[in-house]
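Q: just to be clear, the model below is a prediction. Sequence and coordinates:
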Amino acid sequence: MRITELLDKKSISLDAAPGSKKETLDMAVELMAKSGKLEDKEAYRKLVYAREEESTTGVGEGIAIPHGKGSCVTKPGLAAMVIKNGVEFEALDDEPVDILFLIAAPDTKDNVHLDVLSKLSMMLMDEEFRNELKNAGSPEEFLQIIDKADEERASIDEQLAGGNSDTSEAASNGAKILAVTSCPTGIAHTYMAAEGLEKAAKKAGVQIKIETRGSGGAKNMLTADDIDAADCIIVAADAKVPMERFAGKKVIQRKVADGINKADELISLAIAGNAPVFTADSSSEASDKADDGKGGAHKVYTQLMSGVSHMLPFVIGGGLLKAIAFLIDSLAGYGETGGGNFGSMTPFSALLMYIGGIVMDLMIPVLAGYIAYAIADRPGLVVGFAGGLLAAKGNAVLAAQAFTNKDGFISKFAFTGEGVNTVSGFLGGILAGFLAGYIVLLLMKIFANLPQALDGVKPTLIYPLLGVFIIGMLMCFIFNPLIGVVNDALANGLSKLADANMLWLLGLVLGGMMAIDMGGPINKAAYATGTGLLATAAIYMNDGLTASDPKVQACYIAMAAIMVGGMVPPVGIALACWVFPKKFTKAERGSAVSNVVMGASFITEGAIPFAAADPGHVIPCTLAGSAVAGLLSALFKCTLMAPHGGVFVFATVGKPFLYILAWLIGSVVTCVMLGVLKKDMAE
């Protein structure tokens, strides 16, 4: 059967100009009805709309292939539209659709038409073919273009069996990749994904064999020998695929749309081996439609990594600018005299410190925003950013300005309390990101049945307004205040240790606290204790005590333990990246050098992306290393008279060689623990 046998010229429109997705679908249904292949036009229209509600059929590259299959279709058929100016179709790549093929499939056992439709789907992946169709001057020319391409192209079976298993262009790395593609109806997306993966594999110079599981059944089946020899298997599916056969192999599981629009990315991941090893469970089938083919824990991890990967450039860019500012002030001779302004003593260093600080201020909102984005797509961004910003800034502004009624519920519960720090840091940012994403999903569900005319209002007004309000209330009235209570308790406990002159325990605790939330409230509570003790030392000396007095020395010892504790996490992680490379992704290993620079500059935030990506393993390791460094620094009675600066203020460190030894030992502890506890990371 030829493709043109399914397409009547009465069902072709070359100058369509619909104004919306709904209008586009309605026009296409009317074109299909002109072919006389529908027994019940309205029933068929409902099938088309029902399929569209499952997921958009705008597959990207300006293509849409809506379809309906049911008893209301008497004969298989096609309708075609060329939309000169394009139309918004909620396509997967967010680009307008300018060419559409509507498929009508009868609900019969005779599936001879399926191969023809599948072949057309694969042909549409060819940009030159699409351009020829869009430039056709008449329905007759449109049909001729299709017929010529149909004649030149191999049958669907030949394409799958021949093209996908071609090994003549296999790369020198010898990567052997298998793939399975499948979609619920098994007509278009299944084969477009196969075509996309085949092209991407050919471009990368690797061999691939692709099994398609369409309405006509499985084609080009993967054999046991194929699976045994494979380096990686890609499952791009929205329908159930037999998965038990892949046990013990590296498997990438994605939506079928990713096979169409992200084929290059999937092939790159497969070549790099960046995939988990699949473990078969009691079920022999897995469906990507419900959860993208992954378990709940992996889904949460993927959402978290969306935030981490977008945050990483902010940490590195801003952190290195601040490190350069410290270096400039150190070279200018302000290491001993800069005090709290160290890093901003010269005009240029102050500029770099300002820019770097602004960039690093964005990292928590970006982390939260892109976690929410991974959960709820673009509507989640603004709510996530808002939650992350509130986590990073806390409620201090509200305490100082917005609520002056000191006896009121709001001021008592959420905003006031002398010295209360309500900044929840990166841990609060992670929480805010997940809350924001699921808040938006809930809003989508609540407002799903609004009139279609209000669809444009939901993402621009309803979701941002209600979402930001809800996340704001949660952060300001629940999570930031709760963290404030914890901070108060920590500060009081640290003060008691200092008063009792338990320096070794103080060093252990302060050093460990610096590595729990990497610049968050626990870290800041320890740092605030240290800077407070420096102020106390200044008071002692103003009262006549000397720098060698035990009371003054205790203050300086505590500050030294704090800074060395904050310098350990980035350096310990960088060492682990070099010593245990399999424990980290390529991107993480690539940031090792910048982490050394940030650790040496007392910028603990360099460790945040690693801690956010794997908090259960990374935080205990960094905490232990920093606690050991703080303990050793205190036992060695190292002192520090500057509140910041890392190696750039070592001129103010007492017993600097022992101090460096404590730093290195703590970093090695973190490195070794990461090597033991952290699992290998599939690229």
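A: Sure, I can see it. Numbers count the residues shown, from 1 in each chain.

Q: which residue packs closest to Leu78, ignoring adjacent ones?
A: Leu7 (4.2 Å; CB to CB, 6 or more residues apart in numbering). Backbone N, C-alpha and C define where each C-beta goes, glycine included.

Q: quick one, what contacts the one you found?
A: Gly77, Leu78, Ala79, Ala80, Leu143, Ile146 (CB atoms under 8 Å, 6 or more residues apart in numbering).

Q: so which of these is the closest to Leu367?
A: Set against Leu367, the nearest of these by CB to CB is Ala80 (45.6 Å).

Q: let's verify that closest one: helix, strand, or coil?
A: strand (DSSP: H, G, I helix; E, B strand; the rest coil).

Q: surely it is in contact with Leu100?
A: Yes - using CB atoms under 8 Å, Ala80 makes contact with Leu100 at a distance of 7.0 Å.

Q: so where do the strands sit in the stretch 51-200 of the chain?
A: 58-60, 63-64, 67-70, 77-87, 97-106, 176-182 (DSSP state E, counting those that start in this stretch).

Q: packing partners for the helix or strand hosting Leu661?
A: Under the criterion DSSP states H and E, the helix or strand holding Leu661 is helix 656-677. In terms of contacts (3 or more CB pairs under 8 Å, 6 or more residues apart in numbering; DSSP states H and E), helix 656-677 is packed against helix 550-579, helix 615-635.

Q: which residues touch the residue minimising distance to the centre of the chain?
A: Geometric centre of the chain, nearest residue: Ser306, 0.8 Å, by CA atoms, centre = their mean. Ser306 makes contact with Tyr370, Ile371, Tyr373, Ala374, according to CB under 8 Å, 6+ apart.

Q: quick check: which element contains it?
A: Per DSSP H and E: helix 296-331 holds Ser306.

Q: roughly how far is stretch 205-225 from the heart of the chain?
A: 30 Å (CA atoms, centre = their mean, to the nearest Å).

Q: now it: average pLDDT?
A: Average pLDDT, stretch 205-225: 81.

Q: what's the first-to-last distance across that stretch?
A: End-to-end span of stretch 205-225 (CA to CA, to the nearest Å): 22 Å.

Q: same check, this time on stretch 575-583
A: 12 Å.

Q: what are the contacting residues of that stretch?
A: Contacts of stretch 575-583 (CB under 8 Å, 6+ apart): 584, 588-589, 591-592, 595, 667-668, 670-671, 674-675, 678-681.

Q: the same query, at a cut-off of 10 Å, please.
A: Stretch 575-583 has contacts (CB atoms under 10 Å, 6 or more residues apart in numbering) with 573, 584-585, 588-593, 595-596, 599, 610, 614, 617-618, 621, 625, 664, 667-668, 670-683.

Q: quick one: buried residues of it?
A: Residues Leu575, Ala576, Cys577, Phe580, Lys583 are the ones in stretch 575-583 that count as buried (16 or more other CB atoms under 10 Å).

Q: same deal with stretch 268-278?
A: By 16+ other CB under 10 Å, the buried positions in stretch 268-278 come out as Leu269, Ala270, Ile271, Asn274, Ala275, Phe278.

Q: now do it, average pLDDT.
A: pLDDT averaged over stretch 268-278 gives 83.

Q: stretch 228-236 now?
A: Stretch 228-236 shows an average pLDDT of 89 in the prediction.

Q: try stretch 76-91
A: 88.

Q: which residues in the stretch 451-600 of the chain form helices?
A: 457, 463-474, 480-499, 503-513, 521-542, 550-579, 586-590, 592-600 (DSSP state H, counting those that start in this stretch).

Q: picking that back up, dump the buried residues of stretch 575-583 to CSV, plus pLDDT.
A: Shown next, in CSV, are these (pLDDT from 0 to 100):
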residue, pLDDT
Leu575, 95
Ala576, 94
Cys577, 92
Phe580, 92
Lys583, 87
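
Q: about what we covered before: got the helices of the stretch 451-600 of the chain as JSON lines, with distance to Tyr438 columns?
A: Formatted as JSON lines, the helices of the stretch 451-600 of the chain follow (distance: least, CB to CB, whole Å):
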{"stretch": "helix 457", "distance to Tyr438": "21"}
{"stretch": "helix 463-474", "distance to Tyr438": "10"}
{"stretch": "helix 480-499", "distance to Tyr438": "19"}
{"stretch": "helix 503-513", "distance to Tyr438": "31"}
{"stretch": "helix 521-542", "distance to Tyr438": "24"}
{"stretch": "helix 550-579", "distance to Tyr438": "30"}
{"stretch": "helix 586-590", "distance to Tyr438": "27"}
{"stretch": "helix 592-600", "distance to Tyr438": "32"}
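
Q: looking at those helices, which is buried most?
A: Across the helices of the stretch 451-600 of the chain, averaging neighbours per residue (mean count of other CB atoms under 10 Å) puts helix 550-579 on top, at a mean of 26.

Q: that one versus helix 656-677: what angle between them?
A: Here helix 550-579 runs at an angle of 40 degrees relative to helix 656-677 (axes from the mean of the first three to the mean of the last three CA atoms, to 10 degrees).

Q: check the offset of helix 550-579 from the chain's centre.
A: That offset, for helix 550-579, works out to 31 Å (CA atoms, centre = their mean).

Q: between the contacts of Leu7, which is nearest Ser548?
A: Nearest member of those to Ser548, counting by CB to CB, is Ala80, at 89.6 Å.

Q: one step back: and the gap between the residue nearest to the centre of the chain and Leu390?
A: Remark: distance between Ser306 and Leu390 (CB to CB, to the nearest Å) = 20 Å.

Q: just Ser626 next, same as before
A: Distance of Ser626 to Leu390, given as CB to CB: 27 Å.

Q: what angle do the helix holding Leu661 and helix 615-635 make?
A: Going by the same axes, to 10 degrees, helix 656-677 makes 160 degrees with helix 615-635.

Q: now do the buried residues in helix 656-677.
A: So helix 656-677, judged by 16+ other CB under 10 Å, has buried residues 658-659, 661-674.

Q: hmm, back to that, nearest to Val366 among the buried residues of stretch 575-583?
A: Nearest member of those to Val366, counting by CB to CB, is Cys577, at 22.4 Å.

Q: ok, the residue nearest to Gly630 when sequence neighbours are not counted - contacts?
A: Of all residues beyond its chain neighbours, the one nearest Gly630 is Gly511 (1.8 Å), with distances taken as CB to CB, 6+ apart. Counting by CB under 10 Å, 6+ apart, Gly511 touches 526, 560-568, 623-634, 662, 666.

Q: what's the spacing between Gly511 and Ala526?
A: Applying CB to CB to Gly511 and Ala526 gives a distance of 8 Å.

Q: shared neighbours of the two, anything?
A: Listed contacts common to Gly511 and Ala526 are Ala561, Ile562, Gly565, Gly566, Ser626, Gly630; contacts here mean CB under 10 Å, 6+ apart.

Q: how about those in CSV, adding distance to Leu506 and pLDDT?
A: What follows is the shared contacts of Gly511 and Ala526, written out as CSV (distance: CB to CB, whole Å; pLDDT from 0 to 100):
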residue, distance to Leu506, pLDDT
Ala561, 7, 92
Ile562, 10, 90
Gly565, 11, 92
Gly566, 15, 90
Ser626, 14, 94
Gly630, 8, 93
